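Visitor: The following comprises the amino acid sequence and a computationally predicted model.
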Amino acid sequence: MLEIQNLHVYYGGIHALHGISLSVPAGKIVALLGANGAGKSSTLRTIMGIVKPTQGTIELEGQSLLGMKPFDIVKQGVALVPEGRRVFTNLTVYENLALGAYTRTDREEVRREVAEVYALFPRLEEREKQSAGTLSGGEQQMLALGRALMSQPRLLMIDEPSLGLAPVLSQGVLRRLKELNEKSGQTILLIEQNARAALSIADYAYILETGEIRLKGSAADLAQSDEVRRTYLGVH
Amino acid sequence: MTFDQLLQNLANGISLGALYALIAIGYTMVYGILRLINFAHGDIVMIGAYAAFYGVAMFILPWWISFPLAILLTTGLGMIIERVAYRPLREYPRINLFTSAVAVSFLLENLANVIFGGRPKAFERPAFMNEMITIGNTQVVSYTPFIIITAVVLFGGLLYIVNRTKVGMAMRALSKDIEATGLMGINTDRIILFSFMLGSALAAAGGILWATKFPQINPWMGVMPGLKAFIAAVLGGIGNITGAVIGGFLLGLTEIMVVAFFPSLSGYRDAFAYTILILLLLFRPTGIMGEMQAEKV
């Protein structure tokens, strides 16, 4: 579904991505792993059009996303749950979800979509009239995820869903992602600090190191690899 | 002071406050979204007044065509300013944007000086605004209720747009997080332009109404109202629209009442506005409606 070839990104004078190539097949979960500063977030932000690459191609089902603004890329069917969730804390839970469906004009359809998100995260329905700022971190993560789903993305990208969450909660979020993938075939590109958890739900994974892809393969293989076990899973 | 005088002063204070509030909204909206103090906003007020003046004086249009047309033209100018002077600078350091705003302000004032002339012009009120209204022993000229009613209708319309419409929801989201708003598939450039449109329209209306209250217009007439309205916006909590309205009324009423109760202090009228501002900021730095920003990790 998503094909990236030889992507180079500079931030000011810093060479953040050194020719990254990766592909996300339809209906699969792909995880991007690596230490802080490895270029995971830069990759997602570049796909989303927030950061402009100096070189390389990004194609969604054969169509190039290069040069598009973020809001156009959303219309192409890509959604990003940004790092730190960034829900609109001054708006209600319902309004946050409605914004996620901003591009759609059919009210009935939006209502149906909201109902689907509520079915996935019943907690959000209980709090629909509350301002999003009153939600706990875990609930905000659910809201950010629900908001992204409102645009019915072909490709859902998530930047560190478990950041700042208690381990139990982060397990819960990852399990929801897996369910979403299994039930409705949602394609997901995921960044996750917790490599073990990520490998347990992903189909494929890429390991980034200082802007380059260090390792790639099926999640099951990587979870078995000595190098990964030593460096990322903390097994000696 | 008699009760009737008090009522008269109240009417006067409320109408002045309504004008401050109309202008303050533009400051607060632009600040809320771009964290920019639009120094040219006061000059938009001036352009609105001139446009209405020429519509009546030069093109002999009736006021009910000239005034809305003036608002329309001035709104267009506000949108052009955003597009030309602010949008290209948005991703650079904030100081560039501020400098550009100051430059636009001087540009408008000096253009007005060259094109309209520096000598003050007498703004002719429509006849219906010149009538003396007597209620009991209280007398007001009809422009005062006209200003108040128009302003209240405009506030209502604005609050409806911001709180009840889809584009208003996008504006509120934008004021929180521009990038995240773009991630919703919302064309953020368009929403920012729309905010400038609303702010300029209200400023133009404010300028025209200002000219009906103080019927002499000159190229620098927007400076003082602009400054006062900015104070009103800060008093109310900059970034907050309801706060700007409250701040506007508070400032207008205080200015008039201080002079009404202490006539000997009338020379210090403007000093009061700034003293209130300093005191309020000392005790409540975020303004009346402003929230303390608490970061959630």
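Guide: Looks like it came in fine.
Visitor: Pull the contacting residues for the closest residue to chain B within chain A.
Guide: In chain A, the residue that lies nearest chain B is residue A:74 (3.4 Å; Cβ to the nearest Cβ). (Each C-beta comes from the backbone N, C-alpha and C, glycine too.) Residues in contact with residue A:74, defined by Cβ atoms under 8 Å, 6 or more residues apart in numbering or on different chains, are A:103, A:151, A:153, B:183, B:184, B:185.
Visitor: could you pull out the strands for the stretch 101-250 of chain B?
Guide: Per DSSP state E, counting those that start in this stretch, the stretch 101-250 of chain B carries strands over the ranges B:121-122, B:132-135, B:138-141, B:216-217.
Visitor: Comparing the ones you listed, which comes out most buried?
Guide: Ranked by mean neighbour count, those are led by strand B:216-217 with a mean of 18 (mean count of other Cβ atoms under 10 Å in any protein chain shown).
Visitor: and the longest helix seen in chain A, average pLDDT?
Guide: Assignment by DSSP state H gives helix A:167-184 as the longest helix of chain A. For helix A:167-184, mean pLDDT is 87.
Visitor: which of the residues in it are buried?
Guide: For helix A:167-184, burial by neighbour count (16 or more other Cβ atoms under 10 Å in any protein chain shown) applies to A:169, A:170, A:171, A:172, A:173, A:174, A:176, A:177, A:180, A:181.
Visitor: circling back: so which of the strands of the stretch 101-250 of chain B gets nearest residue A:84?
Guide: Closest approach to residue A:84 among the strands of the stretch 101-250 of chain B (Cβ to Cβ): strand B:216-217, 49.7 Å.
Visitor: what's the offset of the longest helix of chain A from the middle of its chain?
Guide: 13 Å (Cα atoms, centre = their mean, to the nearest Å).
Visitor: ok, back up a step: for the residue of chain A closest to chain B, identify the helix or strand it belongs to.
Guide: helix A:70-75 (DSSP states H and E).
Visitor: Point to the residue nearest the middle of chain A.
Guide: residue A:158 (1.5 Å; Cα atoms, centre = their mean).
Visitor: Check what pLDDT the residue of the stretch 1-150 of chain B found nearest chain A gets.
Guide: Chain A sits closest to residue B:32 of the stretch 1-150 of chain B, with a gap of 10.1 Å, by Cβ to the nearest Cβ. With respect to pLDDT, residue B:32 has a value of 90.
Visitor: That one is in contact with residue B:238, isn't it?
Guide: Yes. Counting by Cβ atoms under 8 Å, residue B:238 is a contact partner of residue B:32 at 7.4 Å.
Visitor: surely residue A:59 meets residue A:3?
Guide: Yes. Between residue A:59 and residue A:3 there is a contact under Cβ under 8 Å: 4.7 Å.
Visitor: tell me the contacts of residue A:117?
Guide: A:97, A:124, A:146, A:149, A:150.
Visitor: swap in residue A:40?
Guide: So residue A:40 contacts A:32, A:33, A:34, A:159, A:191, A:208 (Cβ under 8 Å, 6+ apart).
Visitor: what do you get for residue B:42?
Guide: Contacts of residue B:42 by Cβ under 8 Å, 6+ apart are B:23, B:105, B:222, B:223, B:224, B:225, B:226, B:227, B:229, B:230.
Visitor: Restrict the contacts of residue A:117 to the buried ones and give me that as a PyMOL selection.
Guide: To isolate the buried ones among the contacts of residue A:117 in PyMOL, judged by 16+ other Cβ under 10 Å, type:
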select buried, chain A and resi 97+124+146+149+150
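Visitor: where does chain B have low pLDDT?
Guide: By pLDDT under 70, the low-scoring segments of chain B are B:291-297.
Visitor: following the helix ranked longest in chain B, which helix or strand comes up?
Guide: With secondary structure taken from DSSP H, chain B has its longest helix at helix B:3-34. Moving toward the C-terminus from helix B:3-34, the first helix or strand encountered (DSSP H and E) is helix B:41-57.
Visitor: Neighbours of the residue of chain B found nearest chain A, how many?
Guide: Per Cβ to the nearest Cβ, residue B:185 is where chain B lies closest to chain A, at 3.4 Å. Look at residue B:185: counted by other Cβ atoms under 10 Å in any protein chain shown, it has 24 neighbours.
Visitor: same check, this time on the one 5 residues further on
Guide: By the criterion of other Cβ under 10 Å, residue B:190 has 12 neighbours.
Visitor: what does residue A:89 give?
Guide: Neighbours of residue A:89 using other Cβ under 10 Å come to 17.
Visitor: For it, what are phi and psi?
Guide: With angles defined as degrees, to the nearest 10, residue A:89 sits at phi -70, psi -20.
Visitor: how close does the spatially closest residue to residue A:176 that is not a sequence neighbour sit to residue B:81?
Guide: Closest residue to residue A:176 apart from its sequence neighbours, by Cβ to Cβ, 6 or more residues apart in numbering or on different chains: residue A:120 at 6.7 Å. Distance of residue A:120 to residue B:81, computed by Cβ to Cβ, to the nearest Å: 45 Å.
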